[in-house]
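A.B. asks: sequence plus the predicted model coming up.
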Amino acid sequence: MANNSLDEARANAEWISVRDEIYQRISDSHSFVRAVFSGRRRNHQPNFDRIDVRPVRIKEELRVQVEFRNSDGVVTKNLSPSEFSALALLDSGFSHFLVESRAERLEVRLGKKGQLFRKLSRTFLEPEYEHDKKKKRFLEESDPYLIAVGISDSEGRVKPSMRDKYLQVEEFLKILETSMSAIAENQAPVRIIDLGCGHAYLTFAAFRFFQLKNRTENFIGVDVKSKTRERNEEIAKKLGIASEISFVDSAIAEYPVFEVDVVIALHACDTATDDALSWAIKANAKVILAAPCCHHNLHQQIKEKPDALTHVFQHGILAVRQVDLLTDALRAAILELVGFSADVFEFVSGDHTARNLMVRAIRVNAESNAQRRKAEKLREYRHTCALWGIKPALEERLELGGIPLSD
């Protein structure tokens, strides 16, 4: 009984410390970007399903805008940091807490028995202080680039059949913008390559994004089909940018490696995504944005499933999703082992496309990637691979010097 009381006291002390840190991060008017409180702790019943928090500027004063969400709708209040703290929302029964700042993302989860799980990762974000936020569009529907690639019609309206593609482009450019702090201080031309570019919707959109910001750029689109290259070259000629953007027909794995700033690889099929990630790592890319699809490699490798997942693998669709997620989780783990801060998230709603996960990797300074933590990540990675009896394709493609992923 005494041990239980001691454990409970330690858990409470740890939670108080983390809770104070969350309040402190939200009160930091210079760095705070947003926060989300969600989920329900065991034996608790929050008054709201979710709470969203962000900074807002009202009459030149920074306030904390709080959106209380439940089945009845959304209630919004603009508060001072002290008024926000006085509401004691962190102790109202939520189990998941996300706090994003300019440079860091803090994730906290409270387990069923009161255990506290905390993760801190790197971000490159900017606060939005507008009170009544106007929907931000990176490319207006009438933009000549959207017309040239066939997303918009000749009158400058998005075609009904291309509405989902337009939304994908907009979400991609939002992610691109929030990832650019890694190269923002460098005014040299931005070197970008799109591996597996297809019809180059995103290649041309990214080019236009930098063009509108008056940043010079060097763009290359790589795709295995020669007819695709010819189509994209014709579009570049019509737009008058054929000297600034080029297209190559080549398999990703066969394309020569050279240094670039940003690597895009959206919907490269199966291990073509691994080819793209491998290419980006060897090219010393600062930013990698990859949206994988068609995961087959690990499905073919797995012969025996972990006992704990027997019930999952009784259902085909759940088994497929489990291994798809495992594939991308291990890709992110490898990226972190070789010097990146990596995260995996939904970049567009599943209503628009089923291929909606994004793997984003930002290269970090070697000093910030401590050897001890790297060793822990390596052990975790090896344990997972051994548990499943697999060797991911990305591991096979890399020569990782002092990090022996394979014994």
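C.D. replies: Alright, I've got the coordinates. Numbers count the residues shown, from 1 in each chain.

A.B. asks: which strands or helices does the lowest-mean-pLDDT helix or strand in the chain pack on?
C.D. replies: Across the helices and strands of the chain, mean confidence by mean pLDDT, DSSP states H and E is lowest for helix 297-301: a mean of 74. Judged by 3 or more CB pairs under 8 Å, 6 or more residues apart in numbering; DSSP states H and E, the packing partners of helix 297-301 are helix 316-337. C-beta coordinates here come from the backbone N, C-alpha and C atoms, glycine included.

A.B. asks: those helices in this structure, which residues are they?
C.D. replies: Defined through DSSP state H, the helices belonging to the chain, from first to last, are 2-27, 81-86, 144-149, 163-178, 201-212, 226-239, 272-282, 297-301, 316-337, 371-388, 393-397.

A.B. asks: contacts for the least confident helix or strand of the chain next, please.
C.D. replies: 270-271, 274, 320, 323, 326-327, 388-393 (CB atoms under 8 Å, 6 or more residues apart in numbering).

A.B. asks: tell me the most buried of the helices of the chain?
C.D. replies: Mean neighbours per residue, mean count of other CB atoms under 10 Å, is largest over the helices of the chain for helix 272-282, with a mean of 24.

A.B. asks: ok now that one, how far from the chain's centre?
C.D. replies: 17 Å (CA atoms, centre = their mean, to the nearest Å).

A.B. asks: returning to what we had before: next, format the contacts of helix 297-301 as a markdown table and append distance to Glu100 and pLDDT.
C.D. replies: What follows is those, written out as a markdown table (distance: CB to CB, whole Å; pLDDT from 0 to 100):
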| residue | distance to Glu100 | pLDDT |
| --- | --- | --- |
| Asp270 | 32 | 71 |
| Thr271 | 32 | 82 |
| Asp274 | 29 | 90 |
| Val320 | 31 | 77 |
| Val323 | 30 | 79 |
| Leu326 | 26 | 86 |
| Thr327 | 26 | 85 |
| Trp388 | 32 | 83 |
| Gly389 | 37 | 83 |
| Ile390 | 33 | 84 |
| Lys391 | 35 | 86 |
| Pro392 | 29 | 89 |
| Ala393 | 32 | 87 |
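
A.B. asks: same list (these) but as TSV, adding distance to Asn297.
C.D. replies: Shown next, in TSV, are the contacts of helix 297-301 (distance: CB to CB, whole Å):
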residue	distance to Asn297
Asp270	6
Thr271	5
Asp274	8
Val320	13
Val323	9
Leu326	11
Thr327	7
Trp388	12
Gly389	13
Ile390	9
Lys391	10
Pro392	7
Ala393	5
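
A.B. asks: of all those residues, which comes closest to Glu244?
C.D. replies: Asp274 (29.6 Å; CB to CB).

A.B. asks: for that closest one, what are its contacts?
C.D. replies: Counting by CB under 8 Å, 6+ apart, the residues that Asp274 touches are Asn297, Arg331, Pro392, Ala393, Leu394, Arg397.

A.B. asks: at 6 Å instead, please
C.D. replies: Applying CB atoms under 6 Å, 6 or more residues apart in numbering, one finds that Asp274 lies in contact with Ala393, Leu394, Arg397.

A.B. asks: try Thr76
C.D. replies: With contact taken as CB under 6 Å, 6+ apart, Thr76 is in contact with Glu67.

A.B. asks: how close does it sit to Gln65?
C.D. replies: If you measure Thr76 against Gln65 using CB to CB, to the nearest Å, the figure is 6 Å.

A.B. asks: sorry, back to before: among the helices of the chain, which is nearest Phe138?
C.D. replies: helix 163-178 (4.0 Å).

A.B. asks: still on that earlier bit, so which of the helices of the chain comes closest to Gly114?
C.D. replies: Of all these, helix 2-27 comes closest under CB to CB, at 4.6 Å.

A.B. asks: let me know the average pLDDT across that closest one.
C.D. replies: Per-residue confidence for helix 2-27 averages out to 80 on the pLDDT scale.

A.B. asks: which elements pack onto that helix?
C.D. replies: Applying 3 or more CB pairs under 6 Å, 6 or more residues apart in numbering; DSSP states H and E, one finds that helix 2-27 contacts strand 96-101.

A.B. asks: can you check what angle separates the strand it packs on from helix 2-27?
C.D. replies: 40 degrees (axes from the mean of the first three to the mean of the last three CA atoms, to 10 degrees).

A.B. asks: what does strand 96-101 rub up against?
C.D. replies: The set of residues that contact strand 96-101 without belonging to it, under CB under 6 Å, 6+ apart, is 22, 25, 31-39, 106-109, 123, 125.

A.B. asks: and for stretch 336-344?
C.D. replies: The set of residues external to stretch 336-344 that reach it, using CB under 6 Å, 6+ apart, is 121-122, 281, 328, 332, 335, 359-364, 369, 377, 403.

A.B. asks: one more pass at 8 Å, please.
C.D. replies: 105, 121-122, 281, 288, 328-329, 331-333, 335, 357-364, 366, 369, 374, 377-378, 381, 398, 400, 403, 405.

A.B. asks: and what of stretch 139-148?
C.D. replies: Contacts of stretch 139-148 from elsewhere in the structure, counted by CB under 8 Å, 6+ apart, are 152-154, 156-158, 166, 169-170, 173, 204-205, 207-209, 235, 238-239.

A.B. asks: and the helices of the chain, which one is worst for confidence?
C.D. replies: The weakest mean pLDDT among these belongs to helix 297-301, with a mean of 74.

A.B. asks: using CSV, list the CA coordinates for that helix.
C.D. replies: C-alpha atoms of helix 297-301 as CSV (Å, rounded to 0.1, in the frame of the first residue of the first chain):
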residue,chain,number,x,y,z
ASN,A,297,7.6,-4.8,-49.4
LEU,A,298,7.0,-5.6,-45.7
HIS,A,299,3.7,-7.4,-46.5
GLN,A,300,5.8,-9.8,-48.5
GLN,A,301,8.5,-10.2,-45.8
